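Colleague: quick one: sequence plus predicted model below, questions after.
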Amino acid sequence: MFKKILIANRGEIACRVAATARRLCVQTVAVYSEADAKARHVQACDEAVLIGGPAPRDSYLQWQRIIEAAQATGAQAVHPGYGFLSENEEFARACQAAGLVFIGPPASAILAMGLKAESKRLMEQAGVPLVPGYHGVDQDPALLKREADRIGYPVLIKASAGGGGKGMRAVYGAHEFEAALASCKREALSSFGDDAVLIERYVQRPRHIEIQVFGDSFGDCVYLFERDCSVQRRHQKVLEEAPAPGMSEARRRSMGEAAVAAAKAVGYVGAGTVEFIAEHDFVESGRFYFMEMNTRLQVEHPVTEAITGQDLVEWQLRVASGERLPLQQHELRMTGHAIEARICAENPDANFLPATGRLDVARWPAHSAFERAEVRIDSGVAEGDAISPYYDSMVAKLIVWGQDREQALARLDASLRDTHIVGLQTNVAFLRRCAATRSFAQADLDTALIERERAALFDQQGLSLRISAAAVVAQTLAAEARLESADPWSRRDGWRMYGSAARRFDLEMNGEHHEVLLSRHHQGGMQLTVADEAIALALHSADEETHELLLGEGLAQQRVSVKTYALGEKVAVFSAQGSALLTHVDVLAHAGEGPGEGGRLTAPMPGKLVSFLAAVGDKVSKGQALAVMEAMKMEHTISAPRDGVVAELLFAVGDQVGDGAELLRLQAAE
């Protein structure tokens, strides 16, 4: 076993690798950018080396500096994690040339599987089933268009060197092809430095099934069963589970053996994932097709660990240090069911636009670490940290395990309910709704699940106004009580010796203003008036965050447990019924303010301006695409909010723009 390794990554995967290394008494070296000087992965390692500026191209993609850091600190091996350099064949060769062990497959396997077109040809030779398509080297746009026409729409354009949904577009008609191809090539070039693409038939209602494989340097290779990763948005995974629902032992064996054949075809060593697209009825029909092989550990590897009880990072370290596989195929067993939810800083209602900001509050459900924990949190951030525009938007991975899928689903719901993040938008509420949909609950899975369940998933209001208002009242009174003296005449909570008193709360919720009245009687009873409805109210607050609300009387009385987090005028409320973010307006502090300016075309987050799709003087229609930005490794289109004429372009293509920066101006059409 190694004595010291360098982890050439950041965030939760760097923390994950460091934890296993610590358990095995292997010392670790972190690398970090200027933006990550105080990051959690830096603290998790024994040593840390600064390698450059905040942008990945200036730090985590600078493999020469990483190798120098490994040599300077005496590391024997380099673990690449996933993303960044994990599937970079040049980096793997450079590590070997520098006398370092690359904790991953041989460079030749990365090269063979890294280019999708080449991997398709290899798989065809190995007898692995393929989706009909074009995987050639000729990238002439006219030829690609003819091939798409030949295959028949819809087709999928995919970056040959890519993954993670980047440089990928579904095209439903010939008229869409050229624009989609140009966008894919731009995104592929930006993300992978290679704009080559391939064209495949777009399988309708496919399931995304992937097989975890592991090989050693003695020629042995096993599969550690499958994961179903069908629930996706923008071709990126949202929920992953193992085993795949409905999978028969015969089908599992046939897919597993196909994955092992794929791995052996390239002399694979280490952890890898063979991804298949399967027809919706594949369990009965047997129709599944090789999609690609990821020559690294996957983001969703914890669900495999949960059902097998194996630490896959330990397997990586042992195999890379020259040991045989810890177990052979006949020794592998799986128990129970596991589900992983990717918690991301993003706005699902705005096409999953990534969000940036500070984690003012980050509270997690009770959890343990690794293997078969009932609830596990993998994260590279902590409360008070910031999610920057430089890196991926993932905040954490929540993994649950149960004796069966039903129990795992119940644990997932309870754990998402107890996940409280304040300070930036996240997809936690969306994930909870997604897991509760009829499709997911009944395992009616395919990659169109989110679109199919759109009505239940998007533009939901969350927690009701009456519960939210009562929670803000409870939080305010609890905060004031902490500051009050025992003298009743000095209290500010509306206490009276005789008669009653009323207090007004000005609240803003979901963009609407609400006046809420709290009436208190000298006997101690309270009444809340919300939207002209008078509701009896009783409160018990354990502290400023934890409250029990009793709303109404008699058989209609509703008991609700809530958590509240106050940050200035903002109050976040969480309960089993949902969550809400309110503003408790100080009317006097805001006196004299006028309405804000609206309707400008602004950058939704910091990023680079890729192109303008209209020129000064052009007439445009509401919804027409006007500009394309690149942020957090993805392209984002800015569309016209109304009909008008382009009056001015305020930036040049290629400029870096800040969050909220006005990109162009529209004026009313004459």
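Modeller: Thanks, I have the structure now.
Colleague: how about the strands of the stretch 501-650 of the chain, start to end?
Modeller: 512-521, 526-530, 533-541, 546-551, 558-567, 570-575, 578-585, 601-602, 607-612, 619-620, 625-631, 634-639, 644-649 (DSSP state E, counting those that start in this stretch).
Colleague: what's in contact with the third one?
Modeller: Residues from elsewhere that reach strand 533-541 (CB atoms under 8 Å, 6 or more residues apart in numbering): 466, 470, 473-475, 477-478, 481, 518, 525-529, 547-553, 557. All C-beta atoms are positioned from the backbone trio N, CA, C, and that covers glycine.
Colleague: can I get stretch 271-280 in PDB, CA atoms only?
Modeller: C-alpha atoms of stretch 271-280 as PDB (Å, rounded to 0.1, in the frame of the first residue of the first chain):
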ATOM      1  CA  ALA A 271     -12.700   1.500 -11.300                       C
ATOM      2  CA  GLY A 272     -14.800   2.100 -14.400                       C
ATOM      3  CA  THR A 273     -18.400   2.400 -15.400                       C
ATOM      4  CA  VAL A 274     -19.900   1.000 -18.600                       C
ATOM      5  CA  GLU A 275     -23.000   3.000 -19.500                       C
ATOM      6  CA  PHE A 276     -25.900   1.500 -21.400                       C
ATOM      7  CA  ILE A 277     -29.000   2.900 -23.000                       C
ATOM      8  CA  ALA A 278     -31.900   0.400 -22.600                       C
ATOM      9  CA  GLU A 279     -35.300   0.300 -24.300                       C
ATOM     10  CA  HIS A 280     -38.100   1.000 -21.800                       C
END
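Colleague: related to what we said a few turns ago, so which of the strands of the stretch 501-650 of the chain gets nearest Ser248?
Modeller: strand 634-639 (37.1 Å; CB to CB).
Colleague: ok, residues contacting that closest one?
Modeller: By CB under 8 Å, 6+ apart, strand 634-639 touches 166, 183, 186-187, 234, 353-354, 601, 603-605, 607, 610, 623-630, 663.
Colleague: quick one: mean pLDDT for that strand?
Modeller: The average pLDDT within strand 634-639 is 79.
Colleague: just checking: what are the partner strands of it?
Modeller: Strand partners for strand 634-639, identified by DSSP bridges, are recorded as strand 625-631 (antiparallel).
Colleague: and the spatially closest residue to His235 that is not a sequence neighbour, how many neighbours does it have?
Modeller: Once flanking residues are discounted, His235 sits nearest to Gly165: 3.1 Å by CB to CB, 6 or more residues apart in numbering. Close neighbours of Gly165, defined as other CB atoms under 10 Å, add up to 18.
Colleague: possible to save the strands of the stretch 501-650 of the chain as TSV with mean neighbour count and distance to Arg65?
Modeller: Compiled in TSV, the strands of the stretch 501-650 of the chain are given as follows (neighbours: other CB atoms under 10 Å; distance: least, CB to CB, whole Å):
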stretch	mean neighbour count	distance to Arg65
strand 512-521	16	52
strand 526-530	19	58
strand 533-541	16	53
strand 546-551	19	48
strand 558-567	18	38
strand 570-575	22	40
strand 578-585	20	41
strand 601-602	17	36
strand 607-612	20	23
strand 619-620	16	46
strand 625-631	20	24
strand 634-639	18	26
strand 644-649	16	38
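Colleague: which stretch in the ones you listed has the least confidence?
Modeller: strand 634-639 has the lowest average pLDDT among these, namely a mean of 79.
Colleague: distance from the chain centre to the longest strand seen in the chain, please.
Modeller: Scanning the chain for the longest strand, with DSSP state E as the assignment, gives strand 221-233. Centre-to-centre, strand 221-233 and its host chain are 17 Å apart (CA atoms, centre = their mean, to the nearest Å).
Colleague: then stretch 96-111?
Modeller: 29 Å.
Colleague: list the contacts of that stretch.
Modeller: 2, 5-6, 67, 70-71, 75-80, 86-93, 95, 118, 215, 266-272, 295-296, 316-317, 320-321.
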